[in-house]
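Engineer: here you go, sequence then predicted model.
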Amino acid sequence: MGLEGCSNALSEYLEFAKALAIEAGRVTLKYFRRNVVVEYKSDTTPVTIADRETEQFMRSAIHQRYPQHGILGEEDGETNPGAQWRWILDPIDGTQAFIHGVPLYTILIALESAGESLLGVIHCPPLDETVAAAAGCGCTFNGQRSRVSQVNDLAQARINVTDYADFMRRNPRFATALLSKARMCRGWGDAYGYLLVASGRAEIGLDPVVSVWDCAPLRPIIEEAGGRYSDFNGLQTLQASTVLASNGHLHDQLLCLAGLDFN
């Protein structure tokens, strides 16, 4: 899709979201590689002052600009439920990377209406890289039009998986089949892996377990860049528990491999 289908409202929201992600990234950089205290939530996932302060910064900016909109964030839950527009925030996607000083964590922002994610931004603060898209508006990488790669052979594909060990434990047959066929497989990806797919520097990104704030920005970004997005069952839903994103040419092959775990 392209600019001809980009509504004025979505165009405005997209510009706001891109600027907000960059400003939020500056908040995280105050704490990056600063030996911050790491706490653990009830689900055993790590959290730091950077996560909390960054989400509060984004919430405040959204509420000031669009007080009628709803917000759902990983750290502070939901406000104004039932609103026509709902912002979905992950202040630091890749907290493990953040706390270990790996510069591949990202800020995630999505905008949802009527159960559909219509806008997404992935911003990597340490590398100053941003992909952003909205339905009908196309996808950009650092302000320039971004497209997926044209690789159509799985043997030449570059894959990003956040945690290979977790992928193997959760989906052993899919993991074995996929990783044995691909050209290369890299880790520490989190949402940065999807940024790479959208900007044509990788062909596949996947995660065997996600929450709504992890996957909400991904569909508009991947699809507007010319790729395909689904869960491991081929479904396109905001409530996905798994994520599979590709340049499109390889997607059917990937779903066939994923199906080994669902027979």
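Structural biologist: Perfect, thanks for sending it. Residues are numbered from 1 along each chain as shown.

Engineer: tell me the pLDDT of residue 117.
Structural biologist: Confidence at residue 117, expressed as pLDDT, is 96.

Engineer: for residue 2, same thing?
Structural biologist: Per-residue confidence (pLDDT) for residue 2: 48.

Engineer: residue 24 too?
Structural biologist: Residue 24 is given a pLDDT of 98.

Engineer: count of neighbours near it?
Structural biologist: For residue 24, the neighbour count with other Cβ atoms under 10 Å is 24. From N, CA and C alone the C-beta is placed, and that goes for glycine too.

Engineer: and what of residue 33?
Structural biologist: Using other Cβ under 10 Å, residue 33 has 13 neighbouring residues.

Engineer: what does the model give the closest residue to it other than its chain neighbours for pLDDT?
Structural biologist: Nearest non-adjacent residue to residue 33, counting by Cβ to Cβ, 6 or more residues apart in numbering: residue 101, 4.7 Å away. Residue 101 is assigned a pLDDT of 96 by the prediction.

Engineer: how about residue 101, secondary structure?
Structural biologist: Taken by DSSP: H, G, I helix; E, B strand; the rest coil, the conformation at residue 101 corresponds to coil.

Engineer: now do the one 10 residues further on
Structural biologist: The local conformation at residue 111, judged by three-state DSSP, is strand.

Engineer: return the residues in contact with it.
Structural biologist: Contacts for residue 111 (Cβ atoms under 8 Å, 6 or more residues apart in numbering) come out as 13, 17, 85-88, 117-120, 134.

Engineer: about what we covered before: my guess is the residue nearest to residue 33 contacts residue 32. True?
Structural biologist: Yes. Using Cβ atoms under 8 Å, residue 101 makes contact with residue 32 at a distance of 7.3 Å.

Engineer: more neighbours, these two?
Structural biologist: In terms of neighbours (other Cβ under 10 Å), residue 32 is the more surrounded of residue 101 and residue 32; the figures are 19 against 12.

Engineer: tabulate the contacts of residue 111 in CSV, adding columns for distance to residue 6, secondary structure and neighbour count.
Structural biologist: Output for these, formatted as CSV (distance: Cβ to Cβ, whole Å; DSSP: H, G, I helix; E, B strand; the rest coil; neighbours: other Cβ atoms under 10 Å):
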residue, distance to residue 6, secondary structure, neighbour count
13, 11, helix, 22
17, 14, helix, 24
85, 16, coil, 19
86, 20, strand, 22
87, 19, strand, 28
88, 20, strand, 26
117, 16, strand, 25
118, 11, strand, 22
119, 11, strand, 29
120, 14, strand, 32
134, 7, strand, 28
